[in-house]
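> the sequence and its predicted three-dimensional model are supplied below.
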Amino acid sequence: MAHPSVEQVWEWLETIPDPEIPVISLIDLGIIRDVAWEDNTCVVSVTPTYSGCPATSMINMDIETKLRDCGLTKIELRRKLSPAWTTDWLSEKGAAALEKYGIAPPQPAGGPQRCPHCQGTQLEKLSQFGSTPCKAQWRCQTCLEPFEYFKCI
Amino acid sequence: MAEVDQKALLQFLLRMGDNTLVLGHRVSEWCGHSPILEEDIALANTALDLIGQTQLWLGYAAEVQGEGKSADDLAFLRDAWDFRNVLLTELPNGDFGQTMMRQFLFDAFQSVILARLLKSSDTTVSEIAAKAIKEVAYHVERSADTVVGLGDGTEESHSRMQAALDYLYPYVGEMFLSDDVDAAMAAAGVCPDPTTLREEYDALVSKVMANATLAIPANAYTHKGGRTGYMHTEHLGHLLTSMQWLQRAYPGCEW
């Protein structure tokens, strides 16, 4: 039986939003590492962001649901631990979407470049840990608004 | 890898996974009780990372054990005498300062051992280490900063941090003890002998304690018995009755 191409599966996956930050897709987040057909089974390799990220099971369920809705019946999700996920895999499109949403995207310097609300550059760190393991809490000293920073890992 | 003694490997994995499980549960006890919101969130995040690492270590332990068990089975269906965590991780939280001192003493150990495990001859061990070390880098940065902030803080916070260090330091030595399991792991290239990690650990801890204006106790006495399972403190049983309550009350319960 002919099955949809790998490219087609990637396109479908591109439409699945991250459950925590719905403005970026799982592809933008860089956690889907591979899509392949093994006989008639579609194998999707997924890497966790943080080892204890509670969204992981939700993400797996969303992938499976989406691919079933697209007509696939034999799907296997594989956890791929290595190489470990890094924020370097976040796409440029994803980084721009994050900022527009109010979350400062990760920077090589280890802190946010500017306030996602007012673009101010006088910033202070409130806490290295935020509402999810992947984010830190910062505040802009210009507009005084707190905001989240997607930290580098 | 065929040469590695599977029984010793299992013990090594249980030691790694039980450390993160028991400390992860301890830290989670702060959820909703921390001094300020940011610290509450940071502690909950740390606990979550530790439990996540536990899933990896105990998941692999269950695989090596080969009895068809899962990480959950190992976490929830064993009793105190089967746990292999160091005593440090099961000690009560005490005040916030004591919790953060315990966290730093453990984070420092994790940062040293995980860096060595990146080169483990066991691929799964090195992959887990590569994942965990990124999280631990954030943990140790925060716990070290907090120990310095409170140690070199007010008279009150300084005396509490010194008391925490005096209480916890006799539990540090257990992390660097060595037995047949460690010898087997070192021989197979899975994990270096813990005694070889002490120098690097001491350098890190000494630096942070100096910045925190805290004095490391001179007494070298070491409480032990956790990582071998010979004898845990009375605190572990109480922790387990809370952590394992659901599976004990409703065996096999799932949702």
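Cool, got the structure.

> any idea how many residues pack against residue 55?
No chain in the question, so chain A it is. Around A:Ala55 there are 19 other residues, counting by other CB atoms under 10 Å in any protein chain shown. Glycine gets a C-beta too; all of them are placed from N, C-alpha and C.

> could you do chain B instead?
Around B:Gln55 sit 21 other residues, with neighbours defined as other CB under 10 Å.

> for the one 5 residues further on, same thing?
Here the count is done by other CB under 10 Å, and B:Tyr60 has 21 residues near it.

> my read: A:Thr132 touches A:Glu20, true?
Yes. At 5.8 Å, A:Thr132 and A:Glu20 qualify as touching, with contact defined as CB atoms under 8 Å.

> what do these two both touch?
A:Ala55 (CB atoms under 8 Å, 6 or more residues apart in numbering or on different chains).

> how about the residues of chain A by chain B?
Within chain A, the positions adjacent to chain B are A:48, A:50-54, A:81-84, A:86, A:126-133, A:137, A:151, A:153 by CB under 8 Å from any CB of the partner chain.

> and the residue of chain B nearest chain A?
Among the residues of chain B, B:Gly52 lies nearest to chain A; the distance is 2.3 Å by CB to the nearest CB.

> mind checking the SS state of A:Asp34?
Look at A:Asp34: counting by DSSP: H, G, I helix; E, B strand; the rest coil, its state is strand.

> do a quick rundown of the helices in chain B.
Counting by DSSP state H, chain B has these helices, from start to end: B:6-28, B:37-65, B:71-76, B:87-90, B:96-117, B:123-151, B:155-168, B:180-187, B:198-211, B:234-243, B:245-249.

> buried residues in the fifth one, which are they?
What that stands for is helix B:96-117. By neighbour count with 16 or more other CB atoms under 10 Å in any protein chain shown, helix B:96-117 contains the buried residues B:96-114, B:116-117.

> repeat that for the last one.
If you call a residue buried by 16+ other CB under 10 Å, then helix B:245-249 has these buried ones: B:Gln247.

> of the residues of chain A next to chain B, select the buried ones using a ChimeraX command.
Burial among the residues of chain A next to chain B is assessed by 16+ other CB under 10 Å; the matching ChimeraX selection reads:
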select /A:48,50,51,52,53,81,84,127,128,129,130,132,133,137,151,153
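
> sorry, back to before: using TSV, lay out the helices of chain B together with distance to A:Ala97 and mean pLDDT.
Converted to TSV, these look like this (distance: least, CB to CB, whole Å; pLDDT from 0 to 100):
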stretch	distance to A:Ala97	mean pLDDT
helix B:6-28	32	98
helix B:37-65	24	96
helix B:71-76	34	96
helix B:87-90	40	98
helix B:96-117	33	98
helix B:123-151	24	96
helix B:155-168	42	98
helix B:180-187	45	97
helix B:198-211	39	98
helix B:234-243	39	97
helix B:245-249	39	94
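
> can you name the residue of chain A nearest to chain B?
Residue nearest to chain B within chain A (CB to the nearest CB): A:Gly52, separated by 2.3 Å.

> what average pLDDT does the helix ranked longest in chain A get?
With secondary structure taken from DSSP H, chain A has its longest helix at helix A:55-69. Averaged across helix A:55-69, the pLDDT comes to 93.

> please compute how far it lies from its chain's middle.
Offset of helix A:55-69 from its chain centre (CA atoms, centre = their mean, to the nearest Å): 14 Å.

> in that helix, what's buried?
Buried positions in helix A:55-69, judged by neighbour count with 16+ other CB under 10 Å: A:55-56, A:59, A:62-63, A:66-67.

> widest-spaced pair of those?
Maximum pairwise distance among the buried residues of helix A:55-69 (CB to CB): 18.1 Å, between A:Ala55 and A:Leu67.

> hang on, isn't B:Met185 packed against B:Leu10?
No. B:Met185 sits out of contact with B:Leu10 when judged by CB under 8 Å, with a separation of 11.0 Å.

> same drill for the two, tell me which one is more crowded.
Between B:Met185 and B:Leu10, B:Met185 has the larger neighbour count (other CB under 10 Å), namely 27 against 19.

> how about the nearest residue to that one, chain neighbours excluded?
Leaving out its chain neighbours, the residue that sits closest to B:Met185 by CB to CB, 6 or more residues apart in numbering or on different chains is B:Cys191, at 4.3 Å.

> got a list of what that neighbour touches?
For B:Cys191, the contact set (CB under 8 Å, 6+ apart) comprises B:12, B:113, B:116-117, B:120, B:125, B:182, B:185.

> may I have the residues that are in contact with residue 106?
No chain in the question, so chain A it is. For A:Pro106, the contacting residues are A:87, A:90, A:95, A:149-152, by CB under 8 Å, 6+ apart.

> wait, chain B
B:Phe106 touches B:19, B:23, B:88-89, counting by CB under 8 Å, 6+ apart.

> recalculate using a threshold of 7 Å.
B:Phe106 makes contacts with B:23, B:88-89, as judged by CB atoms under 7 Å, 6 or more residues apart in numbering or on different chains.

> by neighbour count, which of those wins?
Counting neighbours by other CB under 10 Å, B:Thr89 comes out on top of the contacts of B:Phe106 with 29 neighbours.

> and the gap between the closest residue to that residue other than its chain neighbours and B:Arg227?
Nearest residue to B:Thr89 in three dimensions, chain neighbours excluded: B:Leu23, at 4.0 Å (CB to CB, 6+ apart). With distances taken as CB to CB, to the nearest Å, B:Leu23 is found 13 Å from B:Arg227.

> so which residue is dead centre in chain A?
The centre of chain A sits closest to A:Leu29, judged by CA atoms, centre = their mean, with a distance of 2.7 Å.

> gap between that residue and B:Ala220?
48 Å.

> repeat for A:Met61
Counting by CB to CB, the gap from A:Met61 to B:Ala220 is 52 Å.

> one more: B:Ala71?
Separation of B:Ala71 from B:Ala220 (CB to CB): 36 Å.

> my guess is B:Leu23 contacts B:Gln53. True?
No. Assessed by CB atoms under 7 Å, B:Leu23 is found out of contact with B:Gln53, at 10.1 Å.

> list the contacts of the nearest residue to B:Ile41 once chain neighbours are set aside.
Nearest residue to B:Ile41, sequence neighbours excluded (CB to CB, 6+ apart): A:Phe129, at 5.5 Å. Residues in contact with A:Phe129, defined by CB under 7 Å, 6+ apart, are A:136, B:41-42, B:45.
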